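S.K.: Would you be able to build a 3D model of this:
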Amino acid sequence: MTDKTLGKGGEPRQQTTDRDRTMTTAQGGPISDDQNTLSAGPRGPALMADHVFREKMFHFDHERIPERVVHARGYGVHGHFELKEAIPELSCADIFQRVGEKTPTFTRFSTVAGNKGSFDLARDVRGFATKFYTQEGNWDLVGNNIPVFFIQDAMKFPDLVHSVKAAPDRGFPQAQSAHDNFWDFVSLSPEAIHMTLWQMSDRAIPRSFRFMEGFGVHSFRLVNAEGKSHYVKFHWKPKQGLQSVVWNEALKINGADPDFHRRDMWDAIDAGDFPQWDLGIQVFDDEFADNFEFDILDATKIIPEEQVPVRIIGTLTLNANVDNFFAETEQVAFCTQNIVRGIDHTNDPLLQGRNFSYLDTQLKRLGGPNFTHIPINAPKCPFHHFQQDGHMAMHNPKGRVNYEPNSWGEDGNPRENPEIGFKSYPEEVSGTKQRVRSETFADHYSQARQFYISQTEIEQQHIAAAYTFELSKCQEERIRLRMLGHLMNVHDDLAKQVAEGLGVTEMPEPATPARAPITDLPPSDALSILKNGPDSFAGRKLGLYLSGGADAAVVEALEKAFTDEGAMVAIVTPHIQGVTLSDGSTRAADEKIDGGPSVVFDAVALVFADDASGKIANNKPSQDFVSDAYAHNKFIAWTKAAEPLLKAAGADDMDGGMMEVSADNATDFVQSCRKLRFWEREAKLNWE
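M.R.: As a prediction, the model looks like this:
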């Protein structure tokens with residue numbers, strides 16, 4: 001039992017006589033006083049002999065490890081992968097052999113450009129990395145939520161990252177690409193143009209980690225037991241559907257809750273709403289690779305799903321939050337070189353560079369070569385080797401032998417296994433040693449155009465607006481004009497919209513392409529978010545704004561309708577103490593109105609009592625709650641008493657995204673919300 005007393009200086013002393021609850025040093029020595037350092041008298045100098053203080057402060061001073069240069073702001077979740085279709089004809093990887101088998105996983109989502117303390121909803125690529133703890137070793141599928149990348153050769157990675165990170169002289173901007181350095185680099189690197197189309201699309205501002213796709217980016221190989229190889233691209237398809245936010249909404253979410261994506265994932269899993277993704281593979285052979293319009297080793301290109309369909313083979317379920325953020329999320333080490341028998345790398349020059357860079361990075365971040373001794377990185381299958389010593393070694397070979405070949409017998413003495421050991425695909429390789437990029441990488445605009453024409457009109461407008469915003473932050477006119485020259489090679493309409501938004505009246509000359517763009521590539525519906533949204537409101541959140549005396553029947557009908565849909569309902573009230581409804585029942589508040597803005601919800605409902613309508617209508621946070629929901633094309637339900645607030649907020653121009661709600665039509669409102677946004681409203685909103 002723990003006693004709470006005060007020390008002589010009034011400091012709290014929490015003490016115990018239970019040996020099992022006794023605080024100790026890292027060496028296991030019991031601690032008698034964790035409040036005061038050892039000193040020469042009550043007011044005397046501290047003594048170096050205080051080994052307890054020295055150990056505690058020593059560890060605190062070294063709590064921070066170097067943060068990741070990129071993907072520093074991440075969030076990790078445990079789960080499992082369940083195989084739905086075995087593919088032994090394609091791969092001998094153990095994970096792909098037995099239908100129904102569940103393989104433990106750890107998945108880390110992240111932004112790329114910002115540091116650990118940046119906000120979640122930056123316009124940025126999102127990392128989507130999964131570690132599979134297979135029975136034949138760890139496989140790391142280290143990808144992004146966008147299937148292409150900015151550069152074709154890893155040699156340019158330091159330049160790309162330096163350009164998008166804070167400028168070295170002023171230390172800003174943070175977690176954003178809207179500045180001269182980034183667009184200077186991009187405008188001088190045509191290979192990056194395709195990626196910027198994705199980056200300027202709504203893909204770069206996802207509503208949640210749960211509502212975005214993941215991609216392995218590169219072409220890999222699958223190799224079967226007979227040694228036959230096929231190329232493969234890996235896809236994660238969210239069962240929750242795709243969903244993003246709009247830019248104005250992202251800015252306000254970052255102000256209201258910079259941890260929005262982290263909190264969303266934690267809350268969903270904590271509530272038992274486990275997100276899932278299907279693992280799909282695009283498989284193709286050498287004949288397809290030879291005849292495809294682009295080089296399958298070029299990481300700035302996709303293979304459209306219409307040309308090679310995605311075959312679903314399993315499902316990832318995330319079902320457990322971490323116990324300790326540092327031990328798991330911060331110390332997890334992903335390496336693209338971590339593959340297993342049956343999966344192999346290709347000669348993609350960006351992938352080849354990543355294989356070197358990731359291992360080198362882990363050595364720096366985690367202090368030495370033994371980062372696989374950290375539990376989150378350790379394989380869950382048996383492992384045996386002669387690696388020893390080094391910084392922070394947790395285990396070493398037992399006994400006398402630590403080398404091979406040796407003649408000390410088999411006991412505790414590992415040997416190579418030609419039958420199940422990893423074998424690289426025996427690809428024939430020859431060529432002159434040189435620094436050169438393949439001419440097959442020279443088309444920089446064709447797929448950028450294909451991406452643009454695959455979007456809905458709303459999405460195209462968002463892309464143009466994003467380019468306009470980002471380039472407007474460039475102080476140098478030459479950089480803005482240079483980028484317009486590239487966009488002219490993508491699509492005339494896009495270039496004209498951006499030029500008009502920037503106020504450019506005389507268009508520059510188009511950039512000279514290294515290879516003439518292909519202008520007749522067909523649209524691909526798989527590239528659009530809005531064409532691949534969900535068909536339900538499940539997993540989303542309703543912001544239910546209540547006043548005291550609100551109609552209990554309406555409140556209960558809305559709560560039931562949205563809960564039955566699989567959605568969450570958050571109660572917003574004028575005061576954090578909550579409200580009493582018309583029937584005398586109470587509702588505890590999840591948010592006070594000025595702390596729970598509508599930007600953190602997917603739809604809103606306003607249920608007020610008549611005597612509260614005037615006061616609420618004159619309340620500025622309440623007006624912002626409604627005006628933002630209206631401006632962000634969200635579905636809005638209200639009772640009669642809320643009409644003064646709608647008018648005060650400028651949201652009384654009724655449209656199909658707004659509904660007067662009653663106890664009888666709450667389910668109708670849910671059905672409307674399944675569209676997630678009433679995009680028809682955007683045409684009458686003026687964001688200029």
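S.K.: three-state assignment of Ile269?
M.R.: Secondary structure state of Ile269, per DSSP: H, G, I helix; E, B strand; the rest coil, is helix.
S.K.: For it, which non-adjacent residue is closest in space?
M.R.: Asn321 (5.3 Å; CB to CB, 6 or more residues apart in numbering). Bear in mind the C-beta positions are built from the backbone N, C-alpha and C, glycine included.
S.K.: I figured that neighbour hits Trp266, correct?
M.R.: Yes: between Asn321 and Trp266 a contact is recorded at 5.7 Å, counting by CB atoms under 8 Å.
S.K.: contacting residues around Ser672?
M.R.: Ser672 is in contact with 635, 656-657, 659, counting by CB atoms under 8 Å, 6 or more residues apart in numbering.
S.K.: Ala683: neighbouring residues, count only.
M.R.: As a burial measure, Ala683 scores 10 neighbours (other CB atoms under 10 Å).
S.K.: Can you give me every residue that contacts it?
M.R.: Listed by CB under 8 Å, 6+ apart, the contact set of Ala683 is empty.
S.K.: My reading is that it lies in a helix. Confirm?
M.R.: Yes: counting by three-state DSSP, Ala683 falls inside a helix.
S.K.: Quick check: it vs Ala93, distance?
M.R.: Note on Ala683: its distance to Ala93, by CB to CB, to the nearest Å, is 50 Å.
S.K.: returning to that earlier point: neighbour count: Asn321 and Trp266, which is higher?
M.R.: Asn321 (18 against 15).
S.K.: Tell me how many other residues surround Ile453.
M.R.: Neighbours around Ile453, by other CB under 10 Å: 17.
S.K.: what do you get for Glu476?
M.R.: 12.
S.K.: so who does it touch?
M.R.: Shown in contact with Glu476 (CB under 8 Å, 6+ apart): 180, 184.
S.K.: secondary structure element for Tyr452?
M.R.: helix 446-453 (DSSP states H and E).
S.K.: So what's the gap between that helix and the chain middle?
M.R.: Taking CA atoms, centre = their mean, to the nearest Å, one finds helix 446-453 lying 24 Å from the centre of the chain it belongs to.
S.K.: Residues in contact with that helix: which ones?
M.R.: Counting by CB under 8 Å, 6+ apart, 148, 193-194, 196-198, 201, 293-294, 300-302, 304, 460, 463, 490-491, 494, 517-519, 521-524, 527 sit against helix 446-453.
S.K.: and what of stretch 463-471?
M.R.: With contacts defined as CB under 8 Å, 6+ apart, stretch 463-471 is touched by 123, 177-178, 183, 196-197, 200-201, 204, 247, 452, 455, 479-480, 483, 487, 494, 497-498, 501-502, 687.
S.K.: ranges for the helices of the stretch 301-450 of the chain?
M.R.: In the stretch 301-450 of the chain, the segments counted as helices under DSSP state H, counting those that start in this stretch are 325, 349-365, 446-453.
S.K.: Worst mean pLDDT among the ones you listed?
M.R.: Note on the helices of the stretch 301-450 of the chain: helix 349-365 shows the lowest mean pLDDT, a mean of 87.
S.K.: and Ala250, that's in a helix?
M.R.: Yes: counting by three-state DSSP, Ala250 is part of a helix.
S.K.: one step back: drop anything exposed from the contacts of stretch 463-471.
M.R.: For the contacts of stretch 463-471, a burial check counting by 16 or more other CB atoms under 10 Å picks out 123, 177, 183, 196-197, 200-201, 204, 247, 452, 455, 479-480, 483, 487, 494, 497-498, 501-502.
S.K.: from those residues, which ones fall inside helices?
M.R.: The helices, defined by DSSP state H, take in 183, 196-197, 247, 452, 479-480, 483, 487, 494, 497-498, 501-502 from the buried ones among the contacts of stretch 463-471.
S.K.: could the residues you listed go into TSV alongside distance to Arg674?
M.R.: Listed next are those as TSV, based on distance: CB to CB, whole Å:
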residue	distance to Arg674
Trp183	38
Thr196	32
Leu197	28
Trp247	24
Tyr452	28
Ile479	43
Arg480	40
Met483	38
Leu487	35
Leu494	31
Gln497	30
Val498	33
Gly501	33
Leu502	37
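S.K.: Closest to Phe284 out of the residues you listed?
M.R.: The nearest member of these to Phe284, counting by CB to CB, is Leu197 at 23.7 Å.
S.K.: Could you measure from that closest one over to Gly227?
M.R.: For Leu197, the distance to Gly227 - CB to CB - is 39 Å.
S.K.: Then Ser201?
M.R.: For Ser201, the distance to Gly227 - CB to CB - is 41 Å.
S.K.: Over to Arg68?
M.R.: Here the criterion is CB to CB. By it, Arg68 lies 37 Å from Gly227.
S.K.: Have a look at those two and say which one is more surrounded.
M.R.: Between Arg68 and Gly227, counted using other CB under 10 Å, the more crowded position is Arg68 (18 against 10).
S.K.: Point me to the helix or strand that includes that one.
M.R.: Short version, using DSSP H and E: Arg68 is in no helix or strand.
S.K.: so what's it up against?
M.R.: 74, 361, 365.
S.K.: next one: phi and psi at the first one?
M.R.: What it means is Gly74. Gly74 adopts backbone torsions of phi -130, psi 170, taken as degrees, to the nearest 10.
S.K.: likewise the one 10 residues further on?
M.R.: Lys84 has phi and psi values of phi -100, psi -30 when expressed as degrees, to the nearest 10.
S.K.: Excluding chain neighbours, give the residue nearest to it in space.
M.R.: Once flanking residues are discounted, Lys84 sits nearest to Gly314: 5.0 Å by CB to CB, 6+ apart.
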